[in-house]
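Engineer: predicted model and sequence below, questions to follow.
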Amino acid sequence: MIIKLEKIKVQTRKPEEAIDITPQVEEVVRKTGVKQGLVNVMTSHTSSGLLVTEGIPCLEEDILTHFSRLFPEDEDYHHRRYLDYDGRLGFNAETHLKSILGGISCFFPIEDGKIVRGSRQTIYFMEYDGPLLRTYMVQVIGE
């Protein structure tokens, strides 16, 4: 049994963006040598996410546009206040809500050393509160 965890850093460039990380995840799986198993991908941030959808620029824009409509920046959020527990002002409720709705992880089976996914499925790291240096984790489990 092989269990491998790799932490990957990504520097986002915009306040919100969709970054295709499919090649990086495939490379981690390839390097482990796992032939049969599972791969899990997870962000370690509460204002970013992971999405799996068709990999085309117009859909990337649609996702970000509609998330912004659902969770506008100027809304009167309860989170937008002084947070006693950490001594800071909460200012980014909408980014946390986007992360909750979109999700923070995804997983795929591995067969014959390759990720099993639909022909149009793309794995996106979703930045909702950038630009920032972010970390996501790829864990491969199998034989």
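Structural biologist: It's in.

Engineer: does residue 59 touch residue 53 like I think?
Structural biologist: Yes. Contact criterion C-beta atoms under 8 Å: residue 59 and residue 53 qualify, at 6.2 Å. Yep, even glycine has a C-beta here, placed from its N, CA and C like the rest.

Engineer: distance check, residue 12 against residue 56.
Structural biologist: As defined by C-beta to C-beta, to the nearest Å, residue 12 lies at a distance of 20 Å from residue 56.

Engineer: neighbour-wise, which of these two wins?
Structural biologist: More neighbours surround residue 12 than the other of residue 12 and residue 56, with 19 against 11 (other C-beta atoms under 10 Å).

Engineer: any idea of the pLDDT on that one?
Structural biologist: pLDDT recorded at residue 12 is 98.

Engineer: quick one: contacts for it?
Structural biologist: 19, 127, 130, 131, 132, 133, 134 (C-beta atoms under 8 Å, 6 or more residues apart in numbering).

Engineer: same thing but at 7 Å, please
Structural biologist: 19, 127, 130, 131, 132, 134 (C-beta atoms under 7 Å, 6 or more residues apart in numbering).
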